[in-house]
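> Coordinates for the following, if possible.
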Amino acid sequence: MSLGKKKNLSQEEVAEKLNVSRQTISKWETDQSTPDFDKISPLCDLYDIGADELLNRKKIEFGESEYTPKNNTSENNIKRAKGISLATLIYFISVVWLITSIPAFKVNPIIATGIFILICGVATYIIIYTNLVYRKEYSKKANRENKVLREVENVLALITCIIYMSISFFTMAWHITWLIWIIYALIIQIIKLLFALKGDSYEE
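Numbers count the residues shown, from 1 in each chain. All right, here's what the predicted structure looks like:
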């Protein structure tokens with residue numbers, strides 16, 4: 001469904017609200033011209049979308065023309081969620097490997113640690129790849145959600161640092177307590193996965 005139809009606005013109504021001619025709206029639709037700078041903010045408010053999403057459209061839609069998002073589809077969200085899920089699972093596997101490989105399978109600690117780092121590297125690569133290839137353009141509501149996510153990450157990082165330093169100094173088991181940061185990374189990825197799944201609602 002087009003943005004204009006969602007808002008029940010015709011080209012004439014959009015033109016009237018923006019104080020421009022209908023011909024101007026038509027040129028925007030057919031990509032013959034782009035909105036002036038002072039019209040971007042009113043357009044974003046009118047259709048409840050972010051400036052990035054508006055400016056990055058191959059074709060801007062204001063009524064009857066087709067709405068074609070550049071890189072902001074539900075399919076991309078699903079792929080991003082799958083990538084984050086897979087990476088989170090791999091992180092879990094890496095922790096299990098590190099905890100069990102040495103005492104249970106008598107693996108050399110250096111080899112076990114090397115394999116652990118390699119597995120974590122694969123998980124990190126998957127996260128970076130999926131977020132770059134299947135990145136999304138955010139609406140205003142999604143941008144607010146991202147700000148909340150960043151604040152959550154900052155708070156969790158601070159709490160994790162305090163816990164890590166306190167336990168490490170108290171036990172002097174620095175060779176073990178660094179695993180706290182792996183747990184922190186797992187928690188962050190789970191939170192990001194939840195936000196990614198929730199992001200599907202922004203595509204409607």
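> Which strands or helices does the strand or helix carrying I188 pack on?
Here I188, judged by DSSP states H and E, is contained in helix 179-198. Packing partners of helix 179-198 (3 or more Cβ pairs under 8 Å, 6 or more residues apart in numbering; DSSP states H and E): helix 74-105, helix 140-171. All C-beta spots, glycine's among them, are computed from the backbone N, C-alpha and C.
> now the angle between helix 74-105 and that helix, please.
160 degrees (axes from the mean of the first three to the mean of the last three Cα atoms, to 10 degrees).
> And helix 179-198, what's buried?
I180, I182, Y184, A185, L186, I188, Q189, K192, L193, F195, A196 (16 or more other Cβ atoms under 10 Å).
> what angle separates that helix from helix 140-171?
Using the same axes, to 10 degrees: helix 179-198 against helix 140-171 is 170 degrees.
> Please parse this protein into its domains.
11-70, 74-203 (automatic domain parsing).
> Can you lay out those as CSV showing mean pLDDT?
Listed next are the domains of the chain as CSV, based on pLDDT from 0 to 100:
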stretch, mean pLDDT
domain 11-70, 68
domain 74-203, 82
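> so how far is A112 from the residue lying farthest from the centre of the chain?
Centroid-distance maximum for the chain: K106 at 40.1 Å, with Cα atoms, centre = their mean. Going from K106 to A112 by Cβ to Cβ, to the nearest Å gives 10 Å.
> Pull up the gap between the residue lying closest to I187 once chain neighbours are set aside and Y125, please.
Take I187 and drop its neighbours on the chain: the residue closest to it by Cβ to Cβ, 6 or more residues apart in numbering is L156, 6.5 Å away. Applying Cβ to Cβ, the value for L156 to Y125 is 23 Å.
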